[in-house]
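Peer 1: Build the 3D model from these lines:
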Amino acid sequence: MPEMIQNVVFMGTPDFAVGTLQALIRSRYEVKAVFCQPDRPKGRGKALAMPPVKEEALKAGIPVYQPAKIREEEWLARVEALQPDVIVVVAFGQLLPERILNAAKYGCVNVHASLLPKYRGAAPIQWAVINGEQVSGVTTMRMDAGLDTGDMILKEEVPLEKNETGGSLFEKLSAVGAGLLIRTLDEISRGTAVYEPQPKESPTPYASMLTKKQGEISWKQPAERIECLIRGLNPWPSAYTYYRGKMLKLWEVQCLPGEPGNPKEAGKAFRVTKDSLEIQTGSGILSVKELQPEGKKRMKVDDFLRGYPVEPGEAFGKRKD
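Peer 2: This is a model prediction of the structure:
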């Protein structure tokens, strides 16, 4: 029977990793050290801000290390000197070299926010929503030198609600991942963990990091695809179009069933009343519910229409000349 896992090194950086760190702190496992990305400038003042994981670790009195490049000898040696039984990795933000992967008795255990082998990559949560998936989930795996290709240990499915956003799914999967990680460590510690090799190929495209440019709406797309894009990019980086030459973010829309519209008029206002705005797409009509003009706060569509009297047939998507 293997020795019980006691000493854990935790590697993670953003909000998504905080719940798992909290679960570890509450558990019977000892977190000897936390590694996260360096402090970064944030906000208009560009003052240095601590990563969320660092804040949580400091509250618990856990030593924190912030390597800019963990593959440098100084950091490799530091991890090895901690002699961890296992290294837990949750959205750390750097590729781990083989010396780190081999530094712990039970290796590096990663919490990944998809049902592997689907959505390997940096943004699995948002892409699941963008692509209209009905089920997502979390997988724990023993990391190898590939990118999210290690042997799977445990999975837990999470169904997506009709109005699921990237933000709401983020919260659900973060909570599920925390519990799944503790169950995984328990099974490894008892010697009952089963390691399932992944197939070489993923059934989905690589879930690449999102950019603001990807949020620009193409009105030639079908209404359902645009609606999924808007939900998937909420709250970041957000989906947007242009109206009267200025950026207009769309936060909530609804597909109108039985309204095929006219694809040749994609991007134009289809129907406008004092409290509703409907826009033509490449296939179908979208009713806008919540939006945000450039330089303004988010608002309901009726508030927007009081300040911006949209005319039927007016075009969305044209930038300033």
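Peer 1: which residues make contact with the longest strand along the chain from outside it?
Peer 2: In the chain, assigned by DSSP state E, the strand with the most residues is strand 246-256. With CB atoms under 8 Å, 6 or more residues apart in numbering as the test, strand 246-256 has contacts from 217, 223-224, 226-227, 230, 234, 238-242, 278, 284-294, 298, 316, 320. For every residue, glycine as well, the C-beta is placed using N, CA and C.
Peer 1: Send over stretch 285-305 as PDB, restricted to the C-alpha atoms.
Peer 2: C-alpha atoms of stretch 285-305 as PDB (Å, rounded to 0.1, in the frame of the first residue of the first chain):
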ATOM      1  CA  ILE A 285     -33.300  37.200 -36.000                       C
ATOM      2  CA  LEU A 286     -31.700  38.200 -32.700                       C
ATOM      3  CA  SER A 287     -33.600  40.200 -30.100                       C
ATOM      4  CA  VAL A 288     -31.200  42.300 -28.100                       C
ATOM      5  CA  LYS A 289     -31.800  42.400 -24.300                       C
ATOM      6  CA  GLU A 290     -28.800  44.000 -22.700                       C
ATOM      7  CA  LEU A 291     -26.000  46.000 -24.300                       C
ATOM      8  CA  GLN A 292     -23.300  48.600 -23.600                       C
ATOM      9  CA  PRO A 293     -22.500  51.600 -25.800                       C
ATOM     10  CA  GLU A 294     -18.900  52.700 -26.000                       C
ATOM     11  CA  GLY A 295     -17.900  54.700 -22.800                       C
ATOM     12  CA  LYS A 296     -21.200  53.900 -21.100                       C
ATOM     13  CA  LYS A 297     -22.400  51.300 -18.500                       C
ATOM     14  CA  ARG A 298     -24.300  48.100 -19.400                       C
ATOM     15  CA  MET A 299     -28.000  48.800 -19.900                       C
ATOM     16  CA  LYS A 300     -31.300  47.200 -20.800                       C
ATOM     17  CA  VAL A 301     -32.400  47.600 -24.400                       C
ATOM     18  CA  ASP A 302     -35.300  50.000 -23.600                       C
ATOM     19  CA  ASP A 303     -32.800  52.400 -21.800                       C
ATOM     20  CA  PHE A 304     -30.500  52.200 -24.800                       C
ATOM     21  CA  LEU A 305     -33.300  53.000 -27.300                       C
END
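Peer 1: mind listing what's buried in it?
Peer 2: 285, 286, 287, 288, 290, 291, 292, 293, 299, 301, 304, 305 (16 or more other CB atoms under 10 Å).
Peer 1: ok, residues contacting it?
Peer 2: By CB under 8 Å, 6+ apart, stretch 285-305 touches 223, 226-227, 243, 246-256, 259-261, 270-272, 274-279, 307-308.
Peer 1: try it again with 6 Å
Peer 2: 223, 246-254, 256, 259, 261, 270, 275, 277-279 (CB atoms under 6 Å, 6 or more residues apart in numbering).
Peer 1: same thing with stretch 27-46?
Peer 2: If you take CB under 6 Å, 6+ apart as the criterion, stretch 27-46 is touched by 6-11, 13, 24, 48-51, 53-54, 57, 62-66, 68, 82, 93, 182.
Peer 1: filter the residues you listed to the buried ones?
Peer 2: Neighbour counting over those (16+ other CB under 10 Å) leaves 7-11, 13, 24, 50-51, 53-54, 57, 62, 64-66, 82, 182 as the buried ones.
Peer 1: Please tell me how far residue 146 sits from residue 120.
Peer 2: For residue 146, the distance to residue 120 equals 9 Å [CB to CB, to the nearest Å].
Peer 1: more neighbours, those two?
Peer 2: Neighbour count, other CB atoms under 10 Å: between residue 146 and residue 120, residue 120 has more, with 19 against 10.
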